[in-house]
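S.K.: What follows is a predicted structure for the sequence shown.
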Amino acid sequence: MHWADQLASRVAEELRARGKDVYIFNGGLSVSGLQHIGRLRGEIILGEIVRRILEKQGLRIRQYITLYTQDAWKGKKPQREAFPKGEGDRYVGWPLIRVPDPHGCHNNWVDHYWEDFGPYIEKFTDGRIEVITTTEMYRGPLKQVVKEIMSKKEEVRRIINKYRARKPYPEGWIPFEPICAKCGRIDTTRSTRIVDGEHVEYVCDNCGHRGVASIEEGKLNWRLEWAGVWKALNVDFEPFGKDHAAPGGSRDSCVELSREILGYEPPAGQPYEWVAIRTRSGVSDMSSSGFSGITPREWLQVAHAEILRFLYLSTPVMRKVVINPLDIPQYYSRYYRAMRLHHKMEGQGGEEAVEEARSYELAQLTDEVRPVPEIPYLHAALLVQVLPRENRVEEAVRRLKRSGHLPENPEPHQLRWAETLLEKAARWVEKYAPPNLKITVLDRVTSEIAESLTMRDRLRGLADALERVEPWTEEGIKQAMIQYTQGYTPQERRQFYREFYEVFLGRDSGPRAAPLLAVLDKRMVVERLRNL
RNA sequence: GGGCCCGUAGCUCAGCCUGGUAGAGCGGCGGGCUUUUAACCCGUAGGUCCCGGGUUCGAAUCCCGGCGGGCCCGCCA
């Protein structure tokens, strides 16, 4: 059985025990910097998949993604480097939502880095995910929870101190951290007295300021905040990264505090592994505050959302996914294979095939599962490179019909797939493709190349042979070229092809000659050879 | 100190949950094309399933103990 189905049935069991009409799913993100596609995995797509499986079984579910916008900006080196020179230093410890946009185009740090992520959530899911920030929650549903926690502060302290035996909090400790009115930090303040239900006195260890703050202007201690969010939103299921999963970690302490202090049964959970990226320098986990990884916007430039979903679905949740942009053509091959398995276009292959097919099915953005044309990614990459830039997508589509990759009268979704694939492949060639996959058809033969030719007559003669090819298909061209070069010695043939590639691509090798010529215009090919 | 993941064909990995004569993709090699080759198609993989014990008629698969690699938490963020 697919891991997603197993997870869904386990979650379903736990949900039924909670007995509600509408269940709440949640995920959490701290917008500390680059919002990479790894964050889609556990906090968004995982929940969405489980939700959709369970909705099909008749459960009613609302899904949120909570942004931890009150968290302190830690001022890690890559974060600081987003600002000009030393400007970032003064924001260290500020709530993320108050840190200015280093590029000046948005209201603040959060808005800026959310730009390449937030609007794309709906392109990677069914779109039914609501965004909420802790900043708003402290002014709304979390406020009551904060009051409740503060009213039981000694009991809270007793529990939390079990997790920090070496450095217990002292008597009177208040688990609320206000924003310092003077220096702006949220990570250096200590509440010293509860004034009334809604205000605390505090002292800032950074600047020494003493003041009174509203409980809307601060945050709960990290060991409590998550539990507070559960209760405030009535969360019933929430996955969490492996960093929260360690025994004695935040999940453990929040489970206990939720039950003991808040009287709230903690949600069902599921730990998940992170996503890494392979670059020239090696493999490393994608990191928000480290600014490592690619954003959803960048992913969509070079690949469909379904491909990423498929990668996540075909990897067990507790296993690391390593994304290598150079492997995107292969990801498509795997996706197409799974598609064939799902649509029974390929013979059964046992349990593994069944799960691949299921991964494909769950990778879809809607419940409609329609096969797309199996256009190899590298083929698309070749096409867009050899066609003239203007109208190249339209022309490429014509070629795809001719080569049988697309039906003569494609359905709208088939056509859309082809067009978007061509655009993405073109972008991939620019951004990621290794040099040997990059080709350009020369506008004209430079004099330098023309002068270097030693087989000019033979190349000219090829023009006549090719002119007779009708229709202009790969097969016909192939036959003509084999015939034309029949009497050549291996060395001559080698040289002939070298010069052939020089004439068209300005380099001594390239894609196989026949497919290359087939996608080029016949008249152009004949004329270029004839005029050498 | 605690926990997680991984260790199976050159590479990436599936198979382990529900034990029953070792799999896929890619690369490579061969062929389609006496030929350049990187599209596409077809064919081709014999690897101590990390090591050692145990359970079993039978273990890559379950249990215990190691070794190696990666990562998280360590009660400050």
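M.R.: Everything's here; your move.

S.K.: Show me how far the biggest helix by length in chain A is from its chain's centre.
M.R.: In chain A, taking DSSP state H as the definition, the longest helix is helix A:412-431. Remark: helix A:412-431 is offset 18 Å from the chain centroid, using CA atoms, centre = their mean, to the nearest Å.

S.K.: now do stretch A:202-213
M.R.: 41 Å.

S.K.: just to revisit the earlier point, what residues does the longest helix of chain A touch?
M.R.: Residues outside helix A:412-431 that contact it (CB atoms under 8 Å, 6 or more residues apart in numbering) are A:300-304, A:325, A:328, A:370, A:372-373, A:375, A:377-378, A:380-381, A:383-385, A:392-393, A:396-397, A:400, A:405-407, A:410, A:437-438. The way it works is simple: take the backbone N, C-alpha and C, and place the C-beta from them, glycine included.

S.K.: how many neighbours does the residue nearest to residue A:251 when sequence neighbours are not counted have?
M.R.: In space, and not counting its chain neighbours, residue A:251 is closest to residue A:244: 4.6 Å by CB to CB, 6 or more residues apart in numbering. As a burial measure, residue A:244 scores 18 neighbours (other CB atoms under 10 Å).

S.K.: Residue A:237 too?
M.R.: Residue A:237 has 27 neighbouring residues, counting by other CB under 10 Å.

S.K.: Next, the contact list for residue A:462, please.
M.R.: So residue A:462 contacts A:481, A:484, A:500, A:529 (CB under 8 Å, 6+ apart).

S.K.: Can you point out the buried residues in the helix or strand harbouring the third one?
M.R.: This means residue A:500. Using DSSP states H and E, residue A:500 sits in helix A:490-505. Within helix A:490-505, the residues that qualify as buried are A:495-505, counting by 16 or more other CB atoms under 10 Å.

S.K.: what's in contact with it?
M.R.: A:439-442, A:445, A:449, A:452-455, A:458-459, A:462, A:485, A:488, A:507-510, A:513, A:516, A:520, A:525, A:528-529, A:532.

S.K.: And stretch A:166-182, by the same measure?
M.R.: Contacts of stretch A:166-182 with the rest of the structure, by CB under 8 Å, 6+ apart, involve A:94-95, A:98, A:146, A:149-150, A:153-154, A:156-157, A:160-161, A:185-194, A:200, A:202, A:204, A:206-207, A:209, A:211, A:213, A:215, A:217-221, A:223-224.

S.K.: and if you look at stretch A:135-155?
M.R.: With CB under 8 Å, 6+ apart, stretch A:135-155 has contacts from A:66, A:69-70, A:95, A:97, A:134, A:156, A:171-176, A:194, A:197-198, A:200, A:215-220, A:224, A:228-229, A:231-233, A:260-262.

S.K.: Inside helices: which ones of these?
M.R.: Short answer: the contacts of stretch A:135-155 in helices (DSSP H) are A:134, A:156, A:224, A:228-229, A:231-233, A:260.

S.K.: Quick check: of these, which has the highest neighbour count?
M.R.: Neighbour max across the ones in helices among the contacts of stretch A:135-155 (other CB under 10 Å) = residue A:228, 30 neighbours.

S.K.: Please report how far that one lies from RNA strand B.
M.R.: In this view, residue A:228 and RNA strand B are 15 Å apart by CB to the nearest atom of the strand, to the nearest Å.

S.K.: That residue contacts residue A:219, correct?
M.R.: No. If you go by CB atoms under 8 Å, residue A:228 and residue A:219 don't touch, sitting 9.3 Å apart.

S.K.: What's the mean pLDDT across stretch A:121-137?
M.R.: Stretch A:121-137 carries an average pLDDT of 96.

S.K.: Quick check: end-to-end length of that stretch?
M.R.: End-to-end distance for stretch A:121-137: 21 Å, by CA to CA, to the nearest Å.

S.K.: now swap in stretch A:383-399 and tell me
M.R.: One end of stretch A:383-399 to the other measures 8 Å (CA to CA).

S.K.: Ok, stretch A:469-487 next?
M.R.: Start-to-end, stretch A:469-487 (CA to CA) is 20 Å.

S.K.: Could you pull out the buried residues of that stretch?
M.R.: For stretch A:469-487, by 16+ other CB under 10 Å, it's A:469, A:472, A:474, A:476-478, A:480-481, A:484-485.

S.K.: mean confidence score for that stretch?
M.R.: 79.

S.K.: and it, does that touch RNA strand B?
M.R.: Yes. Stretch A:469-487 comes into contact with RNA strand B (CB under 7 Å from any atom of the strand), by way of A:474, A:478, A:481-482, A:485-486.

S.K.: Give the residue spans of chain A that score low on pLDDT.
M.R.: Residue ranges of chain A with pLDDT under 70: A:345-352, A:490.

S.K.: Buried ones among the contacts of helix A:412-431?
M.R.: For these, buried by 16+ other CB under 10 Å: A:300-304, A:325, A:328, A:372-373, A:375, A:377-378, A:380-381, A:383-385, A:392-393, A:396-397, A:400, A:405-406, A:410, A:437.

S.K.: At which residues are the strands of the stretch 301-450 of chain A located?
M.R.: A:321-323 (DSSP state E, counting those that start in this stretch).

S.K.: which bits of it sit near RNA strand B?
M.R.: A:315-316, A:318-320, A:322, A:330, A:333-334, A:337, A:351-352, A:355, A:376, A:378-379, A:382, A:436-437, A:439.

S.K.: mind exporting stretch A:143-151 as PDB, just the C-alpha atoms?
M.R.: Extracted C-alpha coordinates of stretch A:143-151, given in PDB (Å, rounded to 0.1, in the frame of the first residue of the first chain):
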ATOM      1  CA  LYS A 143      -4.800  35.900  22.800                       C
ATOM      2  CA  GLN A 144      -7.100  33.800  25.000                       C
ATOM      3  CA  VAL A 145      -4.600  31.000  25.000                       C
ATOM      4  CA  VAL A 146      -1.800  33.300  26.100                       C
ATOM      5  CA  LYS A 147      -4.000  34.400  29.000                       C
ATOM      6  CA  GLU A 148      -4.700  30.900  29.900                       C
ATOM      7  CA  ILE A 149      -1.000  29.900  29.800                       C
ATOM      8  CA  MET A 150       0.000  32.900  31.900                       C
ATOM      9  CA  SER A 151      -2.600  32.100  34.500                       C
END
